[in-house]
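Colleague: predicted model, plus sequence, below.
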Amino acid sequence: MDKKRDLLLQLNVVRKPNTNLIILRAILSERHTRIDFGYFATDEYYRGGWIKMSPDSYLRTNSSEAKYKLKYTDDIPLAPARLDFESNKDWHYFSLFFEPIAKRSCKIDLIEVENPKDTDFNYYGIKIDLNNAEEIIKP
Amino acid sequence: MPVNKNAYRRYKVIDACLRNKMRRYPNMKELLAALEEKLGVNTTAETVQKDIAVMKMLPPDGFDAPIKFNRTHLGYEYTNPDFSINGVSLNSYDVDSINEAIEVISAIGGSRVSEKFSHAIEKVLSNAQELNNKEVKRKIIETDYIAEGRGFEHFDLLYSACRDRVPVSFIHYSYSRREFKALIIHPVLLKEFNNHWYVIGFSEAHQALRTFGLDRVKAPEPIYKVFQDTSSDVIDAYLNNVYGVYPLPNCTKEKITLHANAMITNYFRAQKIHESQHVEMQSRGDSIITFELIPSMELVSLILSYGKQIRVLEPAHLAKTVKEFK
């Protein structure tokens, strides 16, 4: 596997039980592992509530004990800052950039909080199957 | 003999004056006035005469310019009206035409397209534009184009993908279903309708041609993958059978019949909305308008925009859809 290649996986994994967060894509590069998300505001909160990401979030894989720390985000604030929605019909796309995981097929967990509530953005067992990966054309 | 920069700038002004079809046969006084206006410095008649002499010299010292003093009109002229000291021979009519085209493109294509085009054409027009750059730019053409729509920043990438036949992964958000999805399309066309831009291509998830509003496209990434091409016949059929971009679900091409009152009939007679449109006039000025189309959201919107002045006679399902939106 050429380490310099950026690999893209279409995931479209809806989280249960709350289905208003979806992992859309994962992009594996030598600089970072990027995870793209979509989020819908719901009726649960007045004007849709808010979203934020814990700066202590990390990825872990089923093949090692290593933690791949969150490096930066795109379009979602790091707690305690937060993005307030204006209505319960708002929607938002955002990306998280973690330290790069190895480019090999595995399962990854996204841990925002160690003992999560339903509203935390934890995800478990995200399948990274490089047989289904596409290579991104770099500019 | 190298030409210094100031002399070259004077040559360009003289060249432009001699190519100006609107003011032919400039005399010495007019050349001096043009030089002062364009370059902001006073020039003597002796200098201009030397400049003309140099311009008439053979390259590399001059330009072999066919300049002659016309005794009938008491002014200078190029005996070859297509001559220019620049590589591209453009007369003032050509320059005006190009500037007009830039303005049209600016109006209908938005600032992004026009900026790129202007930048390229600037190289061609550099000399002529230098002569025009003191003029105040005044807008002549106005459209209802609204710049800076969401997703327009991806226009370049998607344009290149269509041109170079490169599949693109992107995130799509459906307004109607409130649904995100990562999709791969094999884009073939960018289409504008009612100030909105759309990308059309073969969608792997749908296994068919689909249209996606650029405002709902996020984070497009071109990918290495065999391109799933769509023949121009299929694209034409897909585009030509629909008014707008979004066909109503499960609809196929069918005969659509509307009744329009006399006032609305005028609009349809003045401008066809689709090439299949046929207007059958009635004795009171009202009309029966027919189309062969796949019913679309945009057609529904158009019908609704005319209120009670137009109604759907057939098909029944379209009449029902319009009624539901009222």
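Modeller: Alright, I've got the coordinates. All values derive from a computational prediction rather than experimental measurement.

Colleague: remind me which helix or strand the residue nearest the centre of chain B belongs to.
Modeller: Geometric centre of chain B, nearest residue: residue B:105, 3.3 Å, by CA atoms, centre = their mean. Using DSSP states H and E, residue B:105 falls within helix B:92-132.

Colleague: quick one, what contacts the residue in chain A that chain B sits nearest to?
Modeller: Of all residues in chain A, residue A:38 sits closest to chain B, at 3.0 Å by CB to the nearest CB. The C-beta positions use only the backbone N, C-alpha and C, and glycine is treated the same way. Residues near residue A:38 by CB atoms under 8 Å, 6 or more residues apart in numbering or on different chains: A:21-22, A:24, A:91-93, B:171, B:173, B:180.

Colleague: apply 10 Å and report the result again.
Modeller: Residues near residue A:38 by CB atoms under 10 Å, 6 or more residues apart in numbering or on different chains: A:12, A:14, A:20-24, A:91-94, B:171-173, B:179-182, B:218.

Colleague: now do stretch B:64-75: distance to the chain's middle.
Modeller: With CA atoms, centre = their mean, to the nearest Å as the basis, stretch B:64-75 stands 40 Å off its chain's centre.

Colleague: my error: substitute stretch A:42-50 in the last question.
Modeller: Per CA atoms, centre = their mean, the centroid offset for stretch A:42-50 relative to its chain is 21 Å.

Colleague: next one: stretch B:248-256
Modeller: That offset, for stretch B:248-256, works out to 31 Å (CA atoms, centre = their mean).

Colleague: what number of residues lie near the spatially closest residue to residue B:151 that is not a sequence neighbour?
Modeller: Spatial nearest neighbour of residue B:151, excluding adjacent residues (CB to CB, 6 or more residues apart in numbering or on different chains): residue B:214 at 3.4 Å. Residue B:214: 20 surrounding residues under other CB atoms under 10 Å in any protein chain shown.

Colleague: so which of the contacts of residue A:38 are in strands?
Modeller: Within the contacts of residue A:38, residues falling in strands by DSSP state E are A:12, A:14, A:21-24, A:91-94, B:171-173, B:179-182, B:218.

Colleague: just the buried ones out of those residues, please.
Modeller: Among the ones in strands among the contacts of residue A:38, the ones that count as buried by 16 or more other CB atoms under 10 Å in any protein chain shown are A:12, A:21-24, A:91-94, B:171-173, B:180-182, B:218.

Colleague: list just the nearest of the residues you listed to residue B:68.
Modeller: Set against residue B:68, the nearest of those by CB to CB is residue B:218 (64.1 Å).

Colleague: ok, the closest one to chain A distance?
Modeller: In this view, residue B:218 and chain A are 5 Å apart by CB to the nearest CB, to the nearest Å.

Colleague: for the nearest residue in space to that residue that is not next to it in sequence, give the beta-bridge partners.
Modeller: Nearest residue to residue B:218 in three dimensions, chain neighbours excluded: residue B:171, at 4.0 Å (CB to CB, 6+ apart). Residue B:171 has these beta-bridge partners by DSSP bridges: residue B:182, residue B:218.

Colleague: so for the residue nearest to the spatial centre of chain A, what's the nearest residue that isn't a sequence neighbour?
Modeller: Most central in chain A under CA atoms, centre = their mean is residue A:35, positioned 4.0 Å from the mean C-alpha point. Nearest non-adjacent residue to residue A:35, counting by CB to CB, 6+ apart: residue A:96, 4.9 Å away.

Colleague: show the contacting residues for the one you found.
Modeller: Per CB under 10 Å, 6+ apart, neighbours of residue A:96: A:23, A:32-37, A:53, A:57, A:59, A:70-76, A:110, A:112, A:121.

Colleague: these, buried ones only, as a PyMOL selection?
Modeller: Entered in PyMOL, the line below selects the buried ones among the contacts of residue A:96, by 16+ other CB under 10 Å:
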select buried, chain A and resi 23+32+33+34+35+36+37+53+57+59+70+73+76+110+112+121
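
Colleague: backbone dihedrals for residue B:204, please?
Modeller: phi -60, psi -40 (degrees, to the nearest 10).

Colleague: just give me the neighbour total for residue 19.
Modeller: Went with chain A since none was named. 10.

Colleague: let me rephrase: I mean chain B.
Modeller: 26.

Colleague: quick check: phi and psi at it.
Modeller: Residue torsions, per degrees, to the nearest 10, at residue B:19 are phi -90, psi 0.

Colleague: low-confidence ranges in chain B?
Modeller: Along chain B, the model assigns pLDDT under 70 to residues B:1-3, B:5, B:87-92, B:106-137, B:144-148.

Colleague: interface residues of chain A facing chain B?
Modeller: Proximity of chain A to chain B, by CB under 10 Å from any CB of the partner chain, involves residues A:5-14, A:20-27, A:34, A:36-41, A:74-75, A:89, A:91-95, A:133-139.

Colleague: nearest to chain A: which residue in chain B?
Modeller: Counting by CB to the nearest CB, chain B gets nearest chain A through residue B:180, at 3.0 Å.
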